[in-house]
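**Student:** Compute the structure for the input listed below.
(chains A, B, C, D, E, F and G)
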Amino acid sequence: MGVKPVGERVLIEIKMAEEKTSGGLVIPQTAQEKTQEGKVVAVGTSDSIKVKVGDKVIFDKYAGTQFKIGDKDHLIIKAEEILAILD
Amino acid sequence: MGVKPVGERVLIEIKMAEEKTSGGLVIPQTAQEKTQEGKVVAVGTSDSIKVKVGDKVIFDKYAGTQFKIGDKDHLIIKAEEILAILD
Amino acid sequence: MGVKPVGERVLIEIKMAEEKTSGGLVIPQTAQEKTQEGKVVAVGTSDSIKVKVGDKVIFDKYAGTQFKIGDKDHLIIKAEEILAILD
Amino acid sequence: MGVKPVGERVLIEIKMAEEKTSGGLVIPQTAQEKTQEGKVVAVGTSDSIKVKVGDKVIFDKYAGTQFKIGDKDHLIIKAEEILAILD
Amino acid sequence: MGVKPVGERVLIEIKMAEEKTSGGLVIPQTAQEKTQEGKVVAVGTSDSIKVKVGDKVIFDKYAGTQFKIGDKDHLIIKAEEILAILD
Amino acid sequence: MGVKPVGERVLIEIKMAEEKTSGGLVIPQTAQEKTQEGKVVAVGTSDSIKVKVGDKVIFDKYAGTQFKIGDKDHLIIKAEEILAILD
Amino acid sequence: MGVKPVGERVLIEIKMAEEKTSGGLVIPQTAQEKTQEGKVVAVGTSDSIKVKVGDKVIFDKYAGTQFKIGDKDHLIIKAEEILAILD
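**Tutor:** Residues are numbered from 1 along each chain as shown, chains lettered A, B, ... in the order given. Now for the predicted structure:
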């Protein structure tokens, strides 16, 4: 069973604060930070979406709507609100 | 007698907090959660609506207008405000 | 003498809290409810209006502008703000 | 000497609370009311204006800009903000 | 040396509270009033401007930006914000 | 080394309060004033800009973003926010 | 590993307060200042972006979203929010 974002939305699994990116880039997740990092796990059907499943992305901490699937924090966000892709 | 949403609106029956989705996905409905889950029970006449009767959907807790039909919580929401479909 | 709504507005007679719809559907009108029910009694001249005189409708409690004709509560509302038709 | 509304604006003489409409319709003007009644006394040059001089109209109490001509309350309002015509 | 309003703006000399219009129309300027009267003294280059130098106009007390030239109160306002012309 | 405004922005050197315009026009700069005077020192590349380097202009005190170059107050403002040109 | 801004966004490394621009222009970075200076280190894919990697730019202190890469402050900002280029 899955969660399919509607239209130009994407579903992101939010990276926990203690994780580290594979490439060694460390984006600290202290309470003062205004961004969060995550991984795209599903995308909507809109052609305007410029990210794909598997992309690591950063986004504004207060963008979109957060909820849990099991015990993992997820986020539904409009694709245009994603700030940058980490590659 | 029925409730027919106008234009691009849809009518959703809100899932009670203690229910569980058939597929085993558990989206907890604590007071801290910012989303709710429900089932589409009627759709308006607009061609732009991308969900259909029977779809299980999640939506922002504060989107749309809630009211009761009998003792069940319902929501009228614009279709574009639905965040994702559960399938 | 009558009240003719301008443009895409409609005039609604608001149902009193103690009334019941003919079909048996009960939409409670407690102070906590965010919707109200009423009957369309006049419509403006705009082609975009999708309700007609006599339709029973629900609308957001805080939409439009309310006033009394005699001792009955009425509402002038833009047609697109009507949430649903009861049939 | 006169007051000529600019563009799509109209000039309305606001009915005093104690007046009554000629047709017997009584729209009470208590402090709780959110609408006021008045008579159109001048219109701007825009083709989009759908009321004419002499029309009795109702409007939202807080729409437009009020001022006095002599001791009579007047209102300059955009024509599209007029809620309904009384006929 | 002069002040040339930019684009669709006009420059207005604000009438002092104690002045009277030549035609005898008295628009009181008490603290409670929400409009002010003035005279257009310069207009911008936009074709959309419907007032001309010399026009007596009324405008919302809080529209535009006020400043003094010498000891006289002036106002720069977009032409579309002028409510009415006095003639 | 210079500061090149981007797009339709212009760079203005803000006139100190004690200065006087060459033509004798005095626009007082007390704390109560809502406008300030300045001189355009650079313009962006947009064709829509209607002022040029050297123009003396007035602008709303709270428009744009101020900063210092050396000890002189400067302002970056969108050209359309300039109220008037002094000539 | 890099940070690729999405769409019309650019990535800026924010200049520390004690640094000085090579050309001798000093833009003080006191707490009172409303602008900050930085260097463009990556740009999105949009054709509308008018700055390039390496450009020194100033921007409103409160524009965009800040975060750290390692111990350096960075900013993701829409290109149109950049106020000026220093050259």
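**Student:** Only C-alpha atoms from now on, for both contacts and neighbour counts.
**Tutor:** Fine.
**Student:** where does A:Met16 land on pLDDT?
**Tutor:** pLDDT for A:Met16: 76.
**Student:** how near is it to chain D?
**Tutor:** To chain D, A:Met16 is 50 Å away according to CA to the nearest CA, to the nearest Å.
**Student:** and what of A:Ile58?
**Tutor:** Taken as CA to the nearest CA, the span from A:Ile58 to chain D is 44 Å.
**Student:** Can you tell me the closest non-neighbouring residue to that residue?
**Tutor:** Sequence neighbours aside, A:Glu37 is the residue nearest to A:Ile58 in space, at 4.4 Å (criterion: CA to CA, 6 or more residues apart in numbering or on different chains).
**Student:** any idea which element that neighbour lies in?
**Tutor:** strand A:35-43 (DSSP states H and E).
**Student:** Out of the helices and strands in chain A, which is least certain?
**Tutor:** Ranked by mean pLDDT, DSSP states H and E, the weakest helix or strand in chain A is strand A:65-69, scoring a mean of 89.
**Student:** Show me which positions of it end up buried.
**Tutor:** For strand A:65-69, burial by neighbour count (16 or more other CA atoms under 10 Å in any protein chain shown) applies to A:Thr65, A:Gln66, A:Phe67, A:Lys68.
**Student:** Over to the residue nearest to the last one when sequence neighbours are not counted. Which of the three states is it?
**Tutor:** This means A:Lys68. Nearest non-adjacent residue to A:Lys68, counting by CA to CA, 6+ apart: A:His74, 5.6 Å away. Classification of A:His74 by DSSP: H, G, I helix; E, B strand; the rest coil places it in strand.
**Student:** Next: A:Glu80.
**Tutor:** When classified by three-state DSSP, A:Glu80 comes out as helix.
**Student:** check contacts around it.
**Tutor:** Contacts here follow CA atoms under 8 Å, 6 or more residues apart in numbering or on different chains; on that basis A:Glu80 touches A:Ile49, G:Val6, G:Gly7.
**Student:** same thing but 10 Å
**Tutor:** Shown in contact with A:Glu80 (CA atoms under 10 Å, 6 or more residues apart in numbering or on different chains): A:Glu8, A:Arg9, A:Val10, A:Ser48, A:Ile49, A:Lys50, A:Val51, G:Val6, G:Gly7, G:Glu8.
**Student:** From the residues you listed, list just the buried residues.
**Tutor:** Counted by 16+ other CA under 10 Å, the contacts of A:Glu80 give A:Glu8, A:Arg9, A:Val10, A:Ile49, A:Val51, G:Val6, G:Gly7, G:Glu8 as buried.
**Student:** hmm, back to that, near the residue nearest to A:Lys68, how many other residues are there?
**Tutor:** Residues lying near A:His74 (other CA atoms under 10 Å in any protein chain shown) number 21.
**Student:** Low-confidence regions, chain A specifically.
**Tutor:** Counting by pLDDT under 70, the ranges of chain A that qualify are A:1, A:17-33.
**Student:** Please list the residues of it that sit near chain B.
**Tutor:** A:1-11, A:43-44, A:64-71, A:76-78 (CA under 10 Å from any CA of the partner chain).
**Student:** ok, now how distant is the closest residue to chain C within chain A from B:Ile85?
**Tutor:** Of all residues in chain A, the one sitting closest to chain C is A:Val6 (21.6 Å; CA to the nearest CA). Applying CA to CA, to the nearest Å, the value for A:Val6 to B:Ile85 is 7 Å.
**Student:** Quickly list what's touching both of the two.
**Tutor:** By CA under 10 Å, 6+ apart, the residues touching both A:Val6 and B:Ile85 are B:Lys50, B:Val51, B:Val57, B:Ile58.
**Student:** does the last one really touch A:Pro5, like I thought?
**Tutor:** Yes. Contact status for B:Ile58 versus A:Pro5: in contact at 9.4 Å, counting by CA atoms under 10 Å.
**Student:** overlap in contacts of those two?
**Tutor:** Jointly contacting B:Ile58 and A:Pro5 under the rule CA under 10 Å, 6+ apart are B:Ile82, B:Leu83, B:Ala84, B:Ile85, B:Leu86.
**Student:** Let's have those residues in a markdown table, adding secondary structure, neighbour count and distance to chain C.
**Tutor:** Converted to a markdown table, the shared contacts of B:Ile58 and A:Pro5 look like this (DSSP: H, G, I helix; E, B strand; the rest coil; neighbours: other CA atoms under 10 Å in any protein chain shown; distance: CA to the nearest CA, whole Å):
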| residue | secondary structure | neighbour count | distance to chain C |
| --- | --- | --- | --- |
| B:Ile82 | strand | 21 | 16 |
| B:Leu83 | strand | 26 | 20 |
| B:Ala84 | strand | 25 | 22 |
| B:Ile85 | strand | 20 | 22 |
| B:Leu86 | strand | 18 | 25 |
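**Student:** Neighbours of A:Asp71, how many?
**Tutor:** Neighbour tally, A:Asp71, other CA under 10 Å: 10.
**Student:** same check, this time on A:Asp87
**Tutor:** Residues contacting A:Asp87 under the criterion other CA under 10 Å number 11.
**Student:** Ok, A:Val40 next?
**Tutor:** Each residue near A:Val40 was counted by other CA under 10 Å, and the total is 20.
**Student:** excluding its backbone neighbours, what's nearest it?
**Tutor:** A:Ile12 (4.4 Å).
**Student:** Whatever helix or strand that neighbour lives in pairs with which strands, and in what direction?
**Tutor:** Using DSSP H and E, A:Ile12 maps to strand A:9-14. Next to strand A:9-14 in the sheet, as set by DSSP bridges, lie strand A:35-43 (antiparallel), strand A:72-78 (antiparallel).
**Student:** most packed of those strands?
**Tutor:** For these, the largest average neighbour count (mean count of other CA atoms under 10 Å in any protein chain shown) is found in strand A:35-43, namely a mean of 21.
**Student:** what angle do it and strand G:65-69 make?
**Tutor:** Counting by axes from the mean of the first three to the mean of the last three CA atoms, to 10 degrees, strand A:35-43 lies at 100 degrees to strand G:65-69.
**Student:** What strands line up against the very next helix or strand once past strand A:35-43, and which way round?
**Tutor:** The helix or strand immediately downstream of strand A:35-43 is strand A:56-60, counting by DSSP H and E. In the sheet containing strand A:56-60, its partner strands are strand A:35-43 (antiparallel), strand A:82-86 (antiparallel), by DSSP bridges.
**Student:** May I have strand A:56-60 exported as PDB, CA atoms only?
**Tutor:** In PDB, the C-alpha atoms belonging to strand A:56-60 read as follows (Å, rounded to 0.1, in the frame of the first residue of the first chain):
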ATOM      1  CA  LYS A  56      18.100  13.900  -2.000                       C
ATOM      2  CA  VAL A  57      16.600  17.400  -1.500                       C
ATOM      3  CA  ILE A  58      16.600  20.300   0.900                       C
ATOM      4  CA  PHE A  59      13.500  22.300   1.700                       C
ATOM      5  CA  ASP A  60      12.300  25.000   4.100                       C
END
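**Student:** what separates that strand from the chain centre, distance-wise?
**Tutor:** Strand A:56-60 sits 5 Å away from the centroid of its parent chain (CA atoms, centre = their mean, to the nearest Å).
**Student:** Likewise for stretch A:11-18?
**Tutor:** On CA atoms, centre = their mean, the centre of stretch A:11-18 falls 7 Å from that of its chain.
**Student:** Return the set of buried residues in it.
**Tutor:** A:Leu11, A:Ile12, A:Glu13, A:Ile14, A:Lys15.
**Student:** Quick check: closest non-adjacent residue to the third one.
**Tutor:** With CA to CA, 6+ apart as the measure, A:His74 is the residue that lies nearest to A:Glu13, at 4.5 Å, once sequence neighbours are left out.
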